[in-house]
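Trainee: For reference, the sequence and a predicted model appear below.
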Amino acid sequence: MIKLAPSILAADFNRLGEQISIVEEAGANYLHIDVMDGNFVPSISFGMPVIASIRKKSKLIFDVHLMIEEPIRYLEVFKEAGADIITVHVEACQDLHKTLTQIKKLGLKAGVTLNPETSLERLGHVLGIVDMVLIMSVKPGFGGQSFLPETLDKIINLKKIAVQNGFNFDIEVDGGITKANVIDVLKAGANVIVSGTSVFGGNIKENVTDYQNIFAEFKQGIS
Ligand SMILES: O=C(CO)[C@@H](O)[C@H](O)COP(=O)(O)O
């Protein structure tokens, strides 16, 4: 199944609860939640209290992308706040295998991600244990950037590795995705689409519906 994960980084924080209800009712599958520490990435977003607060309001799967150094220190508190999936950066973990194992021991889905300039080879030793691989299609830290086209080859290569080895992790892609370029991302092999600006900018309900229609047409084309 192809899933849409609206990124709340692009939401209007003054109306956050209301906008989450709109994406949920319109048929979004996940809620993508970007946590930034001002250290691993230059910006600071929000943390556990915000997640705990929106958890009370939403039944969506909370897909928490930790752009923080040594996330192993915070896994339990993000679980308590309401995370369902926790994704960590290969560049931010001293012991990536241990960090991912710890996420799974907590009963959560474990995701791993890498910056656009980082090679897939860095993930070789963990691809057999993860539930999701997140391919960053912009430099992490800010919403509203343009999609990096060289990312498409990375998705294609990752999909090949998955098929050749019988891995069944999800392939999520995040950054600069629009209704115009999402088909290329799907064709490359992604099945979880993160979008901030192109969901929360303009008519949110219509944007979610448009994405779900594009996904349905794409699936019809390949079935
Ligand atoms: O993690 C990030 C940025 O670091 C992304 O989740 C962005 O928030 C995606 O936003 P758009 O590029 O769709 O505006």
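Mentor: Received the coordinates, thanks. Numbers count the residues shown, from 1 in each chain.

Trainee: Let me see the contact set for residue 125.
Mentor: Neighbouring residues of residue 125 by CB atoms under 8 Å, 6 or more residues apart in numbering: 96, 97. Where C-beta positions appear, they are placed from N, C-alpha and C, glycine not excepted.

Trainee: burial count for the residue in the chain positioned nearest to the ligand?
Mentor: When scored by CB to the nearest ligand atom, the chain has residue 196 as its residue closest to the ligand, at 2.9 Å. Residues near residue 196, counting by other CB atoms under 10 Å, number 24.

Trainee: is it true that it touches residue 6?
Mentor: Yes - between residue 196 and residue 6 there is a contact under CB atoms under 8 Å: 7.0 Å.

Trainee: how many neighbours does residue 159 have?
Mentor: 17.

Trainee: Ok, residue 181 next?
Mentor: By the criterion of other CB under 10 Å, residue 181 has 16 neighbours.

Trainee: Ok, residue 123 next?
Mentor: Residue 123: 18 surrounding residues under other CB under 10 Å.

Trainee: circling back: residue 66 versus the residue of the chain closest to the ligand, what's the distance?
Mentor: Using CB to CB, to the nearest Å, residue 196 is found at 17 Å from residue 66.

Trainee: which secondary structure elements does the longest helix seen in the chain contact?
Mentor: Taking DSSP state H as the assignment, the helix of the chain that covers the most residues is helix 204-222. When contacts are defined as 3 or more CB pairs under 8 Å, 6 or more residues apart in numbering; DSSP states H and E, helix 204-222 sits against strand 3-6, helix 16-26, helix 182-188, strand 192-195, helix 197-200.
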